[in-house]
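Participant: Predicted structure and sequence below. I'll ask about it afterward.
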Amino acid sequence: MFYPYDPTLILIIPAVILTIYAQIKVHSTFSKYKKVGTNKAHSGESTAQIILENQGINIPIEQHQRYLSDHYDPLKRVLRLSPEVYHGHSIASIAVAAHEAGHAIQHAEKYWPITLRTAIFPITNFSSWLAPVLILIGLFINALSLIKIGIVLFSFAVFFTIVTLPVEFDASRRCLRSGQNSLRHGKRGVPAGIFPKTDRSASDRYHVAVVGSEVAAGHQQRHAA
């Protein structure tokens, strides 16, 4: 059987590998640090609630049933946490909840990259599902045109990822800065051990690991030192 060749197919391979690696890293890192508890009584839900209240943000925090499905919905203005994060008292649960609260802060403060990400999400969500289907069908029936359409659709997902990266970095910085500011101003209820004095390197580690638990792990190590 003859398979049509398009040089742009080569661009998809590293993107797919990176996506798979990121998913594996998310699950493995979260699984590792959800076993490490904090020295505070706060759950993921209460931590997010405290951060939002201290920023004057009043939005509901709901439990979402799917594993690691934590997200902030800017359209419905609701923060959703998976059961492990919502009820959890581990470093991983606290870090993920705080990070998602950071997205709510972005939205409240009209951070333009998250507005852009929200605007392109529907088409990206659709194209990321349809793109591999068209590429596989194109390979099966020797239709180069379908493969090219699939590649174009896949490019939307790549663009979404590029837009998402600074949004994720900024969300971590905002939630950590919020916690530190709360401590400095003596606001009640903030989980002090979760917010050390240096937040930039912690935020960087968070995104290298692609999950908030890595940030919290670094926090615990510095706090114990």
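Facilitator: Looks like it came in fine. Residues are numbered from 1 along each chain as shown.
Participant: Going by neighbour count, which residues in stretch 121-140 are buried?
Facilitator: Neighbour-count burial for stretch 121-140, with 16 or more other C-beta atoms under 10 Å as criterion, is recorded at Thr124, Ser127, Ser128, Ala131, Leu134, Ile135, Gly138, Leu139. All C-beta spots, glycine's among them, are computed from the backbone N, C-alpha and C.
Participant: Assumed Gly88 was part of a strand.
Facilitator: No - when the secondary structure is assigned by DSSP: H, G, I helix; E, B strand; the rest coil, Gly88 falls in coil instead of a strand.
Participant: right, and it touches Ser46 too?
Facilitator: No - taking contact to mean C-beta atoms under 8 Å, the distance of 10.8 Å between Gly88 and Ser46 leaves them out of contact.
Participant: the more surrounded of those two?
Facilitator: Neighbour count, other C-beta atoms under 10 Å: between Gly88 and Ser46, Gly88 has more, with 23 against 18.
Participant: And the helices in this structure?
Facilitator: 9-33, 44-54, 83-86, 91-108, 112-140, 144-184, 200-209, 212-224 (DSSP state H).
Participant: Need the winner for burial among these.
Facilitator: The highest mean neighbour count among the helices of the chain, using mean count of other C-beta atoms under 10 Å, belongs to helix 91-108: a mean of 27.
Participant: Mind exporting the C-alpha coordinates of that helix to PDB?
Facilitator: As requested, C-alpha coordinates have been extracted for helix 91-108 and formatted as PDB (Å, rounded to 0.1, in the frame of the first residue of the first chain):
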ATOM      1  CA  ILE A  91       1.300  18.900  48.900                       C
ATOM      2  CA  ALA A  92       0.100  18.000  45.400                       C
ATOM      3  CA  SER A  93      -3.600  18.800  46.300                       C
ATOM      4  CA  ILE A  94      -2.700  22.200  47.800                       C
ATOM      5  CA  ALA A  95      -0.400  23.200  44.900                       C
ATOM      6  CA  VAL A  96      -2.900  22.300  42.200                       C
ATOM      7  CA  ALA A  97      -5.800  24.000  43.900                       C
ATOM      8  CA  ALA A  98      -3.700  27.200  44.500                       C
ATOM      9  CA  HIS A  99      -2.700  27.200  40.800                       C
ATOM     10  CA  GLU A 100      -6.200  26.900  39.600                       C
ATOM     11  CA  ALA A 101      -7.200  29.800  41.900                       C
ATOM     12  CA  GLY A 102      -4.400  31.700  40.100                       C
ATOM     13  CA  HIS A 103      -6.400  31.400  36.900                       C
ATOM     14  CA  ALA A 104      -9.400  32.900  38.600                       C
ATOM     15  CA  ILE A 105      -7.300  35.800  39.700                       C
ATOM     16  CA  GLN A 106      -6.100  36.300  36.100                       C
ATOM     17  CA  HIS A 107      -9.700  36.400  34.900                       C
ATOM     18  CA  ALA A 108     -10.700  38.900  37.600                       C
END
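Participant: Does it pack against any helices or strands, and if so which?
Facilitator: Packed against helix 91-108, as judged by 3 or more C-beta pairs under 8 Å, 6 or more residues apart in numbering; DSSP states H and E, are the following elements: helix 9-33, helix 44-54, strand 71-73, strand 78-81, helix 83-86, helix 112-140, helix 144-184, helix 212-224.
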